[in-house]
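Engineer: Dropping the sequence and predicted coords here.
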Amino acid sequence: MTIKKGKFVIEGLENVQINIGKVIEEGVDGQIEGPTPKPEITSLRNWDYRILDRYNPVYTPTSDICDYCTYGKCDLTGNKEGACGIDLEGHTARQALMTSIMGAACHSAHGRHLLHYLIKRYGEDHPINVGPSNLKAPLTETIMGIQPETIGDFLPVLAYVEEQLTQLTAAANTGQEGSARDFESKALHAGMLDLLGMEVADIIQISCMGMPKAEEDTAMAEIGMGILDPTKPVVVCVGHNIAAPAYILDYMDENALFDKIEIAGLCCTAHDMTRYNKTAKIIGSMSKELKYIRSGIPDVLVTDEQCVRADILREASELHIPVIATNEKITYGLPDRSGDNVDDIVNDLASGKEKGVLMLDLEKVGELVPKLAMKVSPIRKAKGITALPDEGEFAKLVAKCTKCQQCTFDCPQGLPIADAMEAAANGDLSQLEVLHDKCVGCGRCDYSCPVKIPVLNVIEKGAQRVIREEKGKVRIGRGQIGDPEIREEGRNLVLGTTPGVIAIVGCGNYPDGTKDVHDVVEEMLKRSYIIISSGCAAMDIGMYKDDEGKTLYEKYPGRFIKGNLLNTGSCVSNAHIAATTIKVASIFAGRKTKGNWEEIADYVMNRIGAVGLAWGAYSQKAFAIATGCNRLGIPVVAGPHGTKYRRAFIGKPYKKDDWNVLDARDGSTVNVEPAPEHLMITAETFDEMMPLLAKLCIRPSDNSLGRAIKLTHYIELSEKYMNKMPDDWHVYVRSEADLPVAKREHLLKTLETEHGWKIDWDRKKIIAGPMRKVDVSFQPTNVPRLCKEVSK
């Protein structure tokens, strides 16, 4: 007999109703396994301490003042203690914790909203389906110790995340935790919770909403500010939550409106719209929000949650663009019209009586938005509403610039705006066209200008030619990496013959425009790295074409093998990138995952050459993702703005004892090369970042062929971008077999003359010099209980 949830009646007891709630399964799959299922705040503290002992937190506080409580404000300069007893180190670590908590809360609340909605629509018993995978929810299994089969199985998972976040938030209150070290341990815990919340959110939407399920070659979606036909009604959805936009897409599909209305997304909602319906289009990242609104092209703006500008209602209302808020987290003080008639709402918004509405009935959103767009569009287009100046106004505005440089001082990127204004006044628009891509669209320059030039509008007006040509392609988000791909590639990753996996993730706060992201991906693809992308970075990769008119997504396949380019999807799909390393440990190495975070993270840190690049990270979410990856043993490189996160995890290669590991075969201590050298670090320039990515893919477990491949790329990238050999390349040489074949003799001479190594030139072998020799059966670990002799 199969017992299921629900109601049933027993013959003869027709008046007795029996309810079956949650069924606890027996057997292996129903058991909670592993040493740390559902870890509490301190359950993985020993692992965190191992991380922190090697990768010491380095703080870059933006202020020496603490004003958390009414004792303050307190001057903590020089690491002085404040009135409550906390010092600057502890205070900055507490800020790292709170940043991680905010990011994790965002993603897990997103997952909670989706889970409520999808259970209501499909039921708790709706099965999980992520494609060809036995390990369907790697993070859930590793953290919770359970194997979910239905979306209802994620209810206790999110309950756990929420309970832990409450406990962590409590620890940040004044008069609670005082140790910087333990604040960092708690921040790592919050980062892990963030990965878990993201996994829940993406798995349930993949399973219920028909999104691609580990598909290698998904369809291409159009992307760019120039892709939409402005003569049609235009609907733009902004945010990260697909629930409301899905109803709009369904209504348009059912009523054959795709030829009559243009619909596109900004930020991660755009990714998930294309995953849900291939007809949808992508405008771009958050940096395009203000630019596109001020163009006047959108006729209706639909907001949900996350990465939505705080001033979107004011900016939209100035151009008579109605705003439909669809999520409780962003309501803008709008009237709740969820219970009103759709036609009445359309009339109120079209007439300008209301600037926007809060609409929490998602079915009504589906009907309201297309109807409103078709009614508002002719009115707005007849008036030619836009914030951009006409030709005459443009000429007057650029001539008005006094070249005081205040806009440049206030610009996050320090862009040479005054020079571009001067060139435009002389008829040269090329510098404004360059600024269009490098500008992050924050609008601070508008407030900086003492002569009241609307600087952003001037830049966008001057860049109209390149904006019209801004048309690219991005491969629709695939979701997870399937088990067959892991089986094929896992061995190469662990041995190092695939040089590494580089995850290109994060936001659009790039120091020098989107081209950097494209360029790093192109360079590393040519060098046979696996590139996995997500979020805004995945969009920007597809913005550039080669001489044949192809984007990188069109040139490179999407399978998880070396030299391929994958897009997992929106921000919450970042979970699958981290989960891929868990799958490698499970499928290739046979490591048990359930409730076994420490062992899996230890394996990842020592054996899997993976690194994250968040070149344009700006949000608390990005910091939480990075911190979660750090707890899993994955290093992360941030762009120069990453210093504003105020904390990095920096290794000290000169402290030899920091790089002692255990050999799991017998428990002996082995001093290894600093690999990975850092866990979270910022790179100041593109040139500095390129060889750093290659170096952070080096692992102690590399075999000689793998190490030679990785050293080849590290050396070549340093010579190409830094114009010199790396200072520490010799540290990663264990034998002559580790040396790049093409440069072996030259490098042997360098080792002998500059580093004092002994070389047998007859056999071209290294006799003395390396810190250790190659051992193909070496099993590095940082966890004593994993050593066989210790286990006995």
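Structural biologist: Perfect, I can see it now. Everything numeric here is computed off the predicted structure, so don't read it as measured data.

Engineer: any chance you could map the helices in the stretch 351-500 of the chain?
Structural biologist: Taking DSSP state H, counting those that start in this stretch as the criterion, the stretch 351-500 of the chain carries its helices at 362-383, 391-400, 406-410, 417-425, 430-438, 444-448, 455-462, 464-468, 483-495.

Engineer: Just name the most buried of these.
Structural biologist: Most buried of the helices of the stretch 351-500 of the chain, by mean neighbour count (mean count of other Cβ atoms under 10 Å): helix 455-462, with a mean of 26. Where C-beta positions appear, they are placed from N, C-alpha and C, glycine not excepted.

Engineer: Around residue 254, how many other residues sit close by?
Structural biologist: Using other Cβ atoms under 10 Å, the number of residues around residue 254 comes to 9.

Engineer: What separation do you get for it and residue 248?
Structural biologist: 11 Å (Cβ to Cβ, to the nearest Å).

Engineer: now swap in residue 115 and tell me
Structural biologist: In terms of Cβ to Cβ, residue 115 sits 21 Å off from residue 248.

Engineer: Which one's more surrounded, the two?
Structural biologist: Shown here are residue 115 and residue 248; by other Cβ under 10 Å, residue 248 has more neighbours (29 against 23).

Engineer: Can you give me the buried ones in the helix or strand harbouring the more buried one?
Structural biologist: Residue 248 belongs to helix 243-254 when elements are defined using DSSP states H and E. For helix 243-254, a neighbour-count test (16 or more other Cβ atoms under 10 Å) marks 243-249, 251-252 as buried.

Engineer: Make sure residue 774 is actually in contact with residue 733.
Structural biologist: No - between residue 774 and residue 733 there is no contact under Cβ atoms under 8 Å: 9.9 Å.

Engineer: These two: who's more crowded?
Structural biologist: When residue 774 and residue 733 are compared for neighbours, residue 733 comes out ahead with 24 against 16, by other Cβ under 10 Å.

Engineer: which one is the more buried one nearest to, not counting chain neighbours?
Structural biologist: Spatial nearest neighbour of residue 733, chain neighbours left out: residue 770 (5.9 Å); criterion: Cβ to Cβ, 6 or more residues apart in numbering.

Engineer: all strands for the stretch 551-700 of the chain, in order.
Structural biologist: 565-569, 610-614, 636-638, 647-651, 660-663, 668-671, 680-682 (DSSP state E, counting those that start in this stretch).

Engineer: which residue sits closest to residue 158, ignoring its sequence neighbours?
Structural biologist: Leaving out its chain neighbours, the residue that sits closest to residue 158 by Cβ to Cβ, 6+ apart is residue 112, at 5.3 Å.

Engineer: Pretty sure that neighbour sits in a helix.
Structural biologist: Yes - checked against DSSP: H, G, I helix; E, B strand; the rest coil, residue 112 lies within a helix.

Engineer: Begin at 22 from now on, thanks
Structural biologist: Happy to do that; since the first residue is 22 now, the last one works out to residue 133.

Engineer: Just the pLDDT at it, thanks.
Structural biologist: pLDDT, residue 133: 98.

Engineer: And the strands in the stretch 272-421 of the chain, which stretches?
Structural biologist: Using DSSP E, counting those that start in this stretch, strands in the stretch 272-421 of the chain cover 283-287, 302-305, 321-324, 344-346, 377-379.

Engineer: Out of those, which is the most enclosed?
Structural biologist: strand 321-324 (a mean of 29).

Engineer: Direction included, what does that one pair up with?
Structural biologist: Looking at strand 321-324 with DSSP bridges, its partner strands are strand 255-259 (parallel), strand 344-346 (parallel).

Engineer: Next, the angle from the longest one to helix 264-275.
Structural biologist: If I follow you right, that is strand 255-259. The directions of strand 255-259 and helix 264-275 differ by 150 degrees, with axes from the mean of the first three to the mean of the last three Cα atoms, to 10 degrees as the criterion.

Engineer: rewinding a little: any chance of the strands paired with strand 321-324 in a markdown table, plus mean pLDDT?
Structural biologist: Shown next, in a markdown table, are the strands paired with strand 321-324 (pLDDT from 0 to 100):
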| stretch | mean pLDDT |
| --- | --- |
| strand 255-259 | 99 |
| strand 344-346 | 99 |
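
Engineer: okay if I get those as a markdown table plus distance to residue 624?
Structural biologist: Below are the strands paired with strand 321-324 laid out as a markdown table (distance: least, Cβ to Cβ, whole Å):
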| stretch | distance to residue 624 |
| --- | --- |
| strand 255-259 | 40 |
| strand 344-346 | 45 |
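
Engineer: quick revisit: now for the helices of the stretch 372-521 of the chain, which one comes closest to residue 61?
Structural biologist: Closest approach to residue 61 among the helices of the stretch 372-521 of the chain (Cβ to Cβ): helix 504-516, 30.4 Å.

Engineer: The helix or strand following the closest one pairs with which strands, parallel or anti?
Structural biologist: Moving toward the C-terminus from helix 504-516, the next helix or strand (DSSP H and E) is strand 522-525. Note on strand 522-525: by DSSP bridges, its sheet partners are strand 551-555 (parallel), strand 631-635 (parallel).

Engineer: May I have the first one as PDB, with CA atoms only?
Structural biologist: What follows is the C-alpha trace of strand 551-555 in PDB, where atoms were taken according to Å, rounded to 0.1, in the frame of the first residue of the first chain:
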ATOM      1  CA  ILE A 551      35.200  26.300 -18.900                       C
ATOM      2  CA  ILE A 552      33.300  29.500 -18.500                       C
ATOM      3  CA  ILE A 553      30.000  29.500 -16.600                       C
ATOM      4  CA  SER A 554      28.100  32.700 -16.500                       C
ATOM      5  CA  SER A 555      24.900  34.000 -14.800                       C
END
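
Engineer: Break the chain into its domains for me.
Structural biologist: Taking automatic domain parsing as the reference, the chain has its domains at 52-233+496-722, 241-404, 412-489.

Engineer: follow-up on the earlier one: can I get the helices of the stretch 372-521 of the chain in JSON lines with distance to residue 308?
Structural biologist: As requested, those are exported to JSON lines (distance: least, Cβ to Cβ, whole Å):
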{"stretch": "helix 383-404", "distance to residue 308": "24"}
{"stretch": "helix 412-421", "distance to residue 308": "22"}
{"stretch": "helix 427-431", "distance to residue 308": "17"}
{"stretch": "helix 438-446", "distance to residue 308": "16"}
{"stretch": "helix 451-459", "distance to residue 308": "9"}
{"stretch": "helix 465-469", "distance to residue 308": "13"}
{"stretch": "helix 476-483", "distance to residue 308": "11"}
{"stretch": "helix 485-489", "distance to residue 308": "13"}
{"stretch": "helix 504-516", "distance to residue 308": "32"}
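
Engineer: JSON lines please, covering those and showing mean pLDDT.
Structural biologist: Converted to JSON lines, those look like this (pLDDT from 0 to 100):
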{"stretch": "helix 383-404", "mean pLDDT": "98"}
{"stretch": "helix 412-421", "mean pLDDT": "97"}
{"stretch": "helix 427-431", "mean pLDDT": "97"}
{"stretch": "helix 438-446", "mean pLDDT": "98"}
{"stretch": "helix 451-459", "mean pLDDT": "97"}
{"stretch": "helix 465-469", "mean pLDDT": "96"}
{"stretch": "helix 476-483", "mean pLDDT": "98"}
{"stretch": "helix 485-489", "mean pLDDT": "97"}
{"stretch": "helix 504-516", "mean pLDDT": "91"}
